[in-house]
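Chemist: give the three-dimensional model of this entry:
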Amino acid sequence: MSSTYGEHLKLSIFGQSHGPSIGMVLDGIPAGLKVDMLQLQQFMDRRAPGQGEYATARKEADAPEFISGVVDGYTCGAPIAAIIHNKNTRSSDYDNLKSCPRPGHADYAAQIKYNGFQDCAGGGHFSGRLTAPLCIAGGLCKQWLAQQGIDIAAHIVSIGGIADDPVYLDWIKPDFSIIQKDFPVINPQAGQLMRQKIAQAKADGDSVGGLIECIATGVPAGLGGPLFGGMEGKLAHILYGIPAVKGVDFGSGFTGSYLLGSENNDQYAIEDGKIVTLTNNSGGILGGITTGMPLVMQIAVKPTPSIAKQQQSVNLNTMTVQPLCVQGRHDPCIVPRAVPVVEAAVAIALYDTMLGKI
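Modeler: Just a heads-up that it's a prediction; the model follows:
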């Protein structure tokens with residue numbers, strides 16, 4: 001089913017953007033794992049709406065309420081279920097979308113698939129709002145992976161064509177502390193220019209997209225498998241489940257297709273008695289199997305499709321062309337709030353794979 005992910009764990013996400021609540025069920029998690037609720041809430045706060053000039057004005061606390069699976073701060077072996085109550089909805093903003101779909105959004109495709117019964121308010125089940133329960137599951141998996149020495153961090157590579165400091169594919173020991181906390185870039189000057197780009201797009205009634213890089217360190221060699229069991233496929237599967245993600249590559253990715261083999265190959269060396277590579281163009285995966293080097297991936301996020309500018313759409317009732325001005329509250333740029341979502345998705349995929357080793 002499209003709302004379920006995992007091989008060794010089973011994650012199900014439910015709810016709609018303007019429904020009473022959204023939530024997740026995470027099954028297959030061993031008993032006895034510590035859960036730090038404060039740390040989880042801090043992670044959730046990074047994704048929550050209503051923060052800063054580049055985010056939607058919709059205000060939601062995004063405080064998960066656990067209704068099973070966690071007792072006295074530890075997992076108990078039962079399915080972990082948590083919900084988030086939606087409290088700041090304005091469904092009337094979307095009344096016209098059943099007959100007039102938004103360009104760039106899932107409205108039309110969903111209306112066809114679900115025979116006109118799709119919930120259009122806030123995008124329904126297709127909304128980026130559903131990344132909040134994804135972050136509940138991912139925030140938990142991040143904690144459990146960290147307990148095994150695996151750390152995950154992401155940052156903004158570019159927004160609207162404005163680039164952060166160069167992407168270091170040959171990082172052997174990435175320093176996550178250099179990523180800015182309030183706006184996740186490496187170079188604060190580049191971050192300020194990105195903010196200005198977002199502000200200009202918002203003033204113009206438009207939006208911008210960008211690139212996110214995610215790195216996972218401490219990942220052991222030997223995870224994954226060839227062909228359809230590859231680690232890239234497992235990660236891409238969940239990353240493409242994030243609304244607005246339109247591209248995923250690993251290591252040198254598409255750039256590597258322009259290189260010679262002698263430039264793209266990662267030559268081997270020995271460091272502190274361990275086999276390492278001098279570069280990391282493979283992104284830590286070869287033949288679908290992790291190499292022990294940091295996992296490096298880039299994720300392309302499209303501009304927010306819901307924009308204030310007038311666009312051309314069609315009336316599905318009269319089958320005539322009609323102009324559309326989208327109402328509602330929307331991010332002029334999804335990228336900053338998508339950074340923790342990417343971390344969550346990667347954590348879920350990695351923890352699912354690690355469970356296969358137990």
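Chemist: any idea what Gly224 is bridged to?
Modeler: Gly224 forms beta bridges with Ile289, as assigned by DSSP bridges.
Chemist: show me what contacts it?
Modeler: For Gly224, the contacting residues are 230-232, 234, 285, 288-290, 353, by Cβ atoms under 8 Å, 6 or more residues apart in numbering. Any C-beta I mention is one placed from the backbone N, CA and C, and that applies to glycine too.
Chemist: same thing but 10 Å
Modeler: Contacts of Gly224 were listed using Cβ atoms under 10 Å, 6 or more residues apart in numbering, and they are 230-235, 285-291, 353, 356.
Chemist: what does Pro243 give?
Modeler: Contact partners of Pro243, counting by Cβ under 10 Å, 6+ apart, are 105-106, 123, 126-131, 301-302, 304-305, 334, 338, 341.
Chemist: just the buried members of the contacts of Gly224?
Modeler: 230-232, 234-235, 285-286, 288-291, 353 (16 or more other Cβ atoms under 10 Å).
Chemist: among these, which ones are in strands?
Modeler: Secondary structure assignment (DSSP state E) places 285-286, 289-290 from these within strands.
Chemist: if we can go back for a sec, ok, the contacts of Pro243 vs Phe14, which is closest?
Modeler: Within the contacts of Pro243, the smallest distance to Phe14 is 8.5 Å, found for Leu130 (Cβ to Cβ).
Chemist: name the element the residue nearest to the closest one when sequence neighbours are not counted belongs to?
Modeler: Closest residue to Leu130 in three dimensions, ignoring its sequence neighbours and counting by Cβ to Cβ, 6 or more residues apart in numbering: Ile13, at 5.7 Å. For Ile13, the enclosing helix or strand under DSSP states H and E is strand 10-15.
Chemist: cool, Ile299 as well?
Modeler: Counting by DSSP H and E, the element that carries Ile299 is strand 295-301.
Chemist: and the next helix or strand past that strand?
Modeler: Toward the C-terminus from strand 295-301 - assigned by DSSP H and E - lies strand 311-315.
Chemist: buried sites along that following strand?
Modeler: Within strand 311-315, the residues that qualify as buried by neighbour count (16+ other Cβ under 10 Å) are 313-314.
Chemist: hmm, who's touching the helix or strand that comes right after it?
Modeler: Along the chain past strand 311-315, the next helix or strand (assigned with DSSP H and E) turns out to be strand 320-324. Residues from elsewhere that reach strand 320-324, judged by Cβ under 10 Å, 6+ apart: 96-97, 99-103, 309-316.
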